[in-house]
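1. please work out how this folds:
(one chain, ligands or ions: 3)
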Amino acid sequence: MSNNYFKIAVLPGDGIGPEIISESIKILDVIAEAFQYKFQFDYGLIGAEAIFKTGEPLPEETLKICKESDAVLFGAIGDPVFDNNPEAKVRPEQGLLKLRKELGLFANIRPLQTYPSLIEKSPLKREIIEGADIQIFRELVSGIYFGEKFTDPEGAYAYDVCKYNREDIIPIAHMAFKEAQKRKKKLTLIDKANVLDTSRLWRKICQEIAPEYPDVQLDYMFVDNAAMQLILNPKQFDVILTENMFGDIISDEASVIGGSIGLLPSASIGDKNALFEPIHGSYPQAKGKGIANPVASILSVAMMLDHLNLKQAAEKLRQSVEHAIENKYVTIDLNTKQYYSTSEVGSFIADHIRYSEKSYYNFENVKIGKSTIV
Ligand SMILES: NC(=O)c1ccc[n+]([C@@H]2O[C@H](COP(=O)([O-])OP(=O)(O)OC[C@H]3O[C@@H](n4cnc5c(N)ncnc54)[C@H](O)[C@@H]3O)[C@@H](O)[C@H]2O)c1
Ligand SMILES: CC(C)[C@H](C(=O)O)[C@@H](O)C(=O)O
Ligand SMILES: [Mg+2]
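-> Numbers count the residues shown, from 1 in each chain. Ligands and ions are numbered 1, 2, ... in the order given. From the prediction side, this is the model:
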């Protein structure tokens, strides 16, 4: 791999997945041009679309493309056909879970921030959310999602086992401590240690590791209280560390602070591979309507650029997203009176990158619509 050529596996998936991924590809095309990189896009089937076409939620070919990539760009999966049928044995979500496991993506990082012009869009009060800035570290390949499961054929009972090994916890705990060191030096482990053995193992291991990070304050919070504290006083959090299912739930909740789940990106990191996806799902009600917010996917691209060490491009992309948001160039989830389509928002961000990247286009002020690029 030369340092300006990258193989990107692209898995659009279901529902709004293809629409938001198109915008991310639009952005990557502009970044390639502006910064002189080359991205090779290898598309793969996953989720319901893959089941309909191949019978498998994660075809071998898709897994191969992902394993050979420098990064995976993932849209969303899930379809009401399966959501509404509890008897379905083959399900779209199995594709994503298998992919995470096969690629060893143990750490799912979900950053949350607020934007000044969107403060009023959150149902929470300004003084509560203004300045909130949280990084959630969610363990992604163990716990109840991956434990033994069983459904009695008669339908009398079913179970899902939640199991954690030390080795599942140690690497992500170190990552979270290191991230806290770079930030406000506060790490909150969210668990249910008053009830669950697995949670007590998480606490024990975090206590063992903590002395290696003497500058980081390690706090604990039970998940039920955390669900309340997140919307009562989100600014008390800096870095959050938690297990798989708690992380899934509290990150959707945390998205309310930012104004829309359509803004929240994520990075799923393993030792060899990495995948970038919004935290939201396939939002099937919006499929094909051009109303989905593409920003979560576009910011996932920014996380991907960081991961590929293309820091300048990542920074430019984030600035361009902020520029769109500050200029109220947003989808309907963020402004029901004046809004733009999925592709208009993507194009606005792409144009801002294109025309403001002075190293490539040597001019200072270009007008796009009502906004001046500076
Ligand atoms: N990573 C994934 O692919 C992923 C994540 C979550 C859910 N799912 C799947 O998605 C399907 C739908 O699940 P759900 O309805 O619980 O969750 P969802 O995230 O798809 O949608 C929940 C709500 O969030 C809002 N929303 C989501 N994405 C948005 C966007 N880009 N722009 C604006 N608003 C947005 C909408 O109001 C929507 O009704 C299910 O099949 C589920 O399994 C997949
Ligand atoms: C679709 C589902 C398997 C997935 C999860 O629970 O991890 C989703 O909710 C997410 O947050 O990425
Ligand atoms: Mg989720």
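
2. would you say G155 is within a helix?
-> No. Per DSSP: H, G, I helix; E, B strand; the rest coil, G155 lies outside any helix segment and is coil.

3. from I209, how far off is it?
-> Applying Cβ to Cβ, to the nearest Å, one obtains 43 Å for the distance of G155 from I209. Where C-beta positions appear, they are placed from N, C-alpha and C, glycine not excepted.

4. pLDDT on stretch 135-153, on average?
-> Averaging the model's pLDDT scores along stretch 135-153 yields 97.

5. sorry, slip of the keys, the one I care about is stretch 218-236.
-> Looking at stretch 218-236 alone, the average pLDDT works out to 98.

6. extract the C-alpha set from it and format it as CSV.
-> In CSV, the C-alpha atoms belonging to stretch 218-236 read as follows (Å, rounded to 0.1, in the frame of the first residue of the first chain):
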residue,chain,number,x,y,z
LEU,A,218,-11.8,6.4,36.9
ASP,A,219,-15.5,6.6,37.9
TYR,A,220,-18.2,3.9,37.9
MET,A,221,-21.9,4.3,37.2
PHE,A,222,-24.7,1.8,37.1
VAL,A,223,-26.3,1.8,33.7
ASP,A,224,-29.8,2.6,34.9
ASN,A,225,-28.5,5.7,36.6
ALA,A,226,-26.3,6.5,33.6
ALA,A,227,-29.4,6.5,31.3
MET,A,228,-30.8,9.2,33.5
GLN,A,229,-27.5,11.2,34.1
LEU,A,230,-26.8,11.3,30.3
ILE,A,231,-29.8,13.5,29.7
LEU,A,232,-29.9,15.2,33.1
ASN,A,233,-26.2,16.3,33.1
PRO,A,234,-24.3,15.1,30.0
LYS,A,235,-21.4,17.5,30.6
GLN,A,236,-20.3,15.3,33.6
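
7. please compute how far that stretch lies from its chain's middle.
-> Relative to the mean C-alpha coordinate of its chain, stretch 218-236 is positioned 20 Å out (Cα atoms, centre = their mean, to the nearest Å).

8. and that stretch, what's buried?
-> Residues of stretch 218-236 classed as buried: 218, 220-221, 223, 226-227, 229-231, 234 (neighbour count, 16 or more other Cβ atoms under 10 Å).

9. returning to that earlier point: between G155 and I209, which has more neighbouring residues?
-> When G155 is set against I209 and neighbours are counted by other Cβ atoms under 10 Å, the residue ahead is I209, at 18 against 9.

10. isn't that one up against I170?
-> Yes. Under the criterion of Cβ atoms under 8 Å, I209 is in contact with I170, at a separation of 7.1 Å.

11. mind picking the two most distant members of the buried residues of stretch 218-236?
-> Every pair in the buried residues of stretch 218-236 was compared (Cβ to Cβ); the two farthest apart turn out to be L218 and I231, at 22.9 Å.

12. for the chain, give me the ranges with low pLDDT.
-> Along the chain, the parts satisfying pLDDT under 70 run over 1-2, 358-374.

13. in it, what residue spans correspond to strands?
-> Counting by DSSP state E, the chain has strands at residues 5-13, 38-43, 71-76, 107-113, 133-139, 149-151, 158-160, 186-191, 217-222, 239-242, 265-269, 274-278, 366-368, 371-373.

14. which of those sits closest to ligand 1?
-> Shortest separation from ligand 1 across the strands of the chain is recorded for strand 71-76, at 3.7 Å, computed as Cβ to the nearest ligand atom.

15. packing partners for that closest one?
-> Other helices and strands packing on strand 71-76, by 3 or more Cβ pairs under 8 Å, 6 or more residues apart in numbering; DSSP states H and E, are strand 5-13, helix 17-35, helix 92-102, strand 274-278, helix 295-307.

16. tell me which of these sits most buried.
-> Neighbour counts averaged per stretch over these are highest for strand 274-278, at a mean of 26; criterion: mean count of other Cβ atoms under 10 Å.

17. residues touching the residue of the stretch 251-374 of the chain found nearest ligand 2, list them.
-> The nearest approach of the stretch 251-374 of the chain to ligand 2 comes at I279, 5.4 Å away (Cβ to the nearest ligand atom). Contact criterion Cβ atoms under 8 Å, 6 or more residues apart in numbering gives 110, 251-252, 255, 261, 264-266, 296 as the residues in contact with I279.

18. picking up where we left off before, of all the strands of the chain, which one is nearest P284?
-> Within the strands of the chain, the stretch nearest P284 is strand 71-76; the backing value is 9.5 Å (Cβ to Cβ).

19. the residue in the stretch 151-300 of the chain positioned nearest to ligand 2: how many residues sit nearby?
-> Nearest residue of the stretch 151-300 of the chain to ligand 2 (Cβ to the nearest ligand atom) works out as D248 at 4.3 Å. By the other Cβ under 10 Å criterion, the neighbourhood of D248 contains 17 residues.
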